[in-house]
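# Here is a sequence together with a model predicted from it:
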Amino acid sequence: MKAIVTPLLAGLAAFGLGPVQAVEDFGMIMETEGPVEVRRDGVSAPADLGQTLFIGDRIRLGQDARAVVVSFTRCDELILQGPVQAAADWGGLTASDPEQPAEGRRLPVCYSQEELNVAASGVIGGLVLRGAPKDPVLGLREEFKQGQAGNTSLMTLIMHDIANGNPERAAPYFEALKQRAPESAFIGGMAKYFP
């Protein structure tokens with residue numbers, strides 16, 4: 001994890017928060033179903049695809065809700081099923097239900113939103129590669145071809161291809177996610193790469 005210092009990320013601006021000295025990024029919300037909200041510095045707001053969770057943030061899921069958070073330290077999917085509350089801390093997500101979060105798969109790559117924004121200038125600060133073939137997202141691409149790609153896979157493919165300077169390759173994944181979550185902040189933030 002790395003310190004994120006002002007100027008604030010777009011994720012903080014969405015909460016209407018003023019300047020902060022420094023916070024630590026924990027992971028990214030990759031999927032939500034049902035009522036899911038994030039509480040940061042006493043302010044709650046609905047969770048959104050691509051939203052960064054920081055150490056100290058709390059996530060609350062209502063009845064029958066589901067959320068998938070990808071940890072930046074290990075690229076693991078952490079799956080929460082509502083009703084539950086969880087806090088992002090140095091050890092992971094600590095939930096009110098001791099059986100949660102469930103661990104999903106380990107992704108071959110993961111990026112923080114800040115790293116993706118920096119990638120547009122040609123620098124990829126925190127790309128994490130986990131023992132994978134030449135194309136570290138080959139399995140995710142195969143999921144897409146078979147019509148089985150979830151939001152996590154689509155977002156990972158989009159971020160991977162954008163960070164590698166290949167928005168043309170990311171376009172079909174972007175369009176598929178746009179069909180699912182047209183109003184999400186993630187789609188809004190990525191739209192600049194797809195004129």
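That came through, no problem. Residues are numbered from 1 along each chain as shown.
# Check what contacts stretch 68-77 and list those residues.
1, 25-32, 53, 59, 78-80, 88, 92-93, 101, 103-110, 112, 126, 128, 130, 150-152, 156 (CB atoms under 8 Å, 6 or more residues apart in numbering). Heads up, the C-betas are built off the backbone N, CA and C, glycines and all.
# Drop the exposed ones from those and show what's left.
1, 25-32, 53, 59, 78-80, 88, 92-93, 101, 104, 107-110, 112, 126, 150-152, 156 (16 or more other CB atoms under 10 Å).
# Restricted to strands, list those residues.
25-32, 53, 59, 78-80, 88, 92-93, 104 (DSSP state E).
# Report the residue spans of this structure with pLDDT below the cut-off.
1-23, 111-136 (pLDDT under 70).
# residue boundaries of the strands in it?
3-5, 22-33, 36-40, 43-46, 52-54, 58-61, 66-71, 76-81, 84-89, 92-95, 102-106.
# Select, out of the ones you listed, the one closest to residue 168.
Minimum separation from residue 168 across those (CB to CB) falls at strand 22-33, 23.2 Å.
# Need the residue closest to the centroid of this structure.
The centre of the chain sits closest to residue 28, judged by CA atoms, centre = their mean, with a distance of 2.7 Å.
# Tell me what that residue is bridged to.
Bridge pairing for residue 28 (DSSP bridges) gives the partners residue 52, residue 70.
# Hmm, it is touching residue 54, no?
No. Using CB atoms under 8 Å, residue 28 is not in contact with residue 54; the gap is 10.8 Å.
# Quickly list the domain ranges of the chain.
3-106, 113-193 (automatic domain parsing).
# what residues are up against residue 96?
84, 85, 86.
# Can you tell me which of the residues you listed has the most neighbours?
Among the contacts of residue 96, the one with the most neighbours (other CB atoms under 10 Å) is residue 86, at 23 neighbours.
# ok, now which ones touch that residue?
Here residue 86 is in contact with 58, 59, 60, 80, 93, 94, 95, 96, 100, 101 (CB under 8 Å, 6+ apart).
# As CSV, those with distance to residue 165 would be great.
Formatted as CSV, those follow (distance: CB to CB, whole Å):
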residue, distance to residue 165
58, 37
59, 33
60, 38
80, 34
93, 33
94, 38
95, 38
96, 43
100, 38
101, 34
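# Please identify which of these is nearest to residue 188.
The closest of these, once distances to residue 188 are taken by CB to CB, is residue 59, at 20.9 Å.
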